Structures are given as structure tokens and as C-alpha cells.
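> Sequence first, predicted model second:
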Amino acid sequence: MLNYVWFFMILASVFYAVFSGNIEALSVAVMDGASKAVELSIFLLGSMCAWLGFLKIAEKSGLTLLIAKVLSPIINRLFPEYRDNYEIKGKICMNLSANLLGIGNAATPLGLAAMTAMQAENRTNRPTKGMMLFVIINTASLQILPINMAAIRSSAGSAAPFSVLPHIWITSLSALLICITAAKMCERSSLWKH
């Protein structure tokens, strides 16, 4: 569906440029946009590589297990079925850490690793309550220090790339609390019962 929306927007802009006599401006804008997209990708690649490396070192050094033990009360409450599995809790913690730092692209492979570990414990083909809640938390993701967003704002020329932090904290915390509350309410109802 989204492909159709993009196609319509591109087609409409081409028709408008042709009929308004701005085809040259459209050509310049397309080339300029493509150039800026490549520059932004390279800019984000550096910060992402650094944080993915840090997260991998944390996993290899045992820091993830330590974080999992520290966050155990919260994770045990949210994910009671993984209460005794520190490997899964460590992977959940790494994913949550990446989301807290606002590096969603780094959180994706960590989230997939956590889901793979959860599925290894699952005896059915249906997702467990913990798996569904994990996807919800990952999607709503509380962001304390949104590094990717700051990098994008900085590359776009923002003098204060972190000036939107209070807004991000309020919206991401609100979204997370609403999503967790809705998920826990669904757990108690018959919606998630197998």
C-alpha cells in the first residue's frame, strides 16, 4: 500500500513540474536529495557501527548478564515466563538499551536475537505472551538519549540537536506506558488466551 502512496506522490510532483514549467527545478531537487541521502547514510553508519560495537563488547564481557540481573525485578514483572533464563533476559536488556539510546537500527538485530532465544524456549508455533509484549515494548521504545535523531538533526544543520529531548521523553514514555497497560489488560482478558 505504501508503495502506491509513494508512486502517486512522485507522479503528482512530476505532473506538477511539467505543467508549471518547473521540470528543471524538479531535476535539481531529485539529484540534491539523492546526494543528501547518501551523505546522511554515511554519517549515520559511523555512529551505528560504534554503538553496535559497544553493544557487542558489552555482550561478550558479561555486562549484559550484569544488566539483566540489575533489571531483573522489572523484567521478571514484565516477562514472568523468562524469570530464570538470564540469557533471554540479557538479550532483552541489550535490545532495551539500544532503544533507550535511540539507535533503533542497532536494536533490530538485538531484538531478533531475543526473539530467536524466546522461540527456542517456545514449544508451539504460536507466539507467547512474552514474545508479544516484547514486540510491543520494542515498537513503543522509550528513548532517553536518541542518538540517531540527534545525528540527523545535526547533519541537517541544527544548532541544538538535543533540544527536543523533553518532548521525546514525554511522548515515548507515554506511548510505552499505554502500550504495556493495553497489553497487560489483553493478557488478563480472553484476547491472548490460547
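Ah, there it is.

> Tell me the helices and strands packed up against the longest helix seen in the chain.
Identified as the longest helix of the chain according to DSSP state H is helix 23-61. If you count contacts as 3 or more CB pairs under 8 Å, 6 or more residues apart in numbering; DSSP states H and E, helix 23-61 packs onto helix 2-20, helix 63-70, helix 86-100, helix 104-121, helix 147-155. For every residue, glycine as well, the C-beta is placed using N, CA and C.

> Which of these has the lowest mean pLDDT?
Ranked by mean pLDDT, the helices and strands packed on helix 23-61 bottom out at helix 63-70, with a mean of 72.

> Give me the angle between that helix and helix 23-61.
80 degrees (axes from the mean of the first three to the mean of the last three CA atoms, to 10 degrees).

> Could you list every helix and strand in contact with helix 63-70?
Helix 63-70 is packed against helix 23-61, helix 86-100, with contacts defined by 3+ CB pairs under 8 Å, 6+ apart.

> angle of the longest helix of the chain against helix 147-155?
140 degrees.

> Backbone dihedrals for the residue of the chain most remote from its centre, please?
Farthest-out residue of the chain from its mean C-alpha position, per CA atoms, centre = their mean: residue 21, at 41.4 Å. Dihedral angles of residue 21 (phi, psi; degrees, to the nearest 10) stand at phi 80, psi 20.

> quick one, phi/psi of residue 124?
The phi and psi values for residue 124, taken as degrees, to the nearest 10, are phi -130, psi 180.

> confidence score at it?
pLDDT, residue 124: 85.

> try residue 131
Here the pLDDT value assigned to residue 131 is 91.

> neighbours around the closest residue to it other than its chain neighbours, how many?
Using CB to CB, 6 or more residues apart in numbering and skipping the chain neighbours, the partner closest in space to residue 131 is residue 118 (5.1 Å). Residue 118: 21 surrounding residues under other CB atoms under 10 Å.

> Having no further points to raise, I will conclude here.
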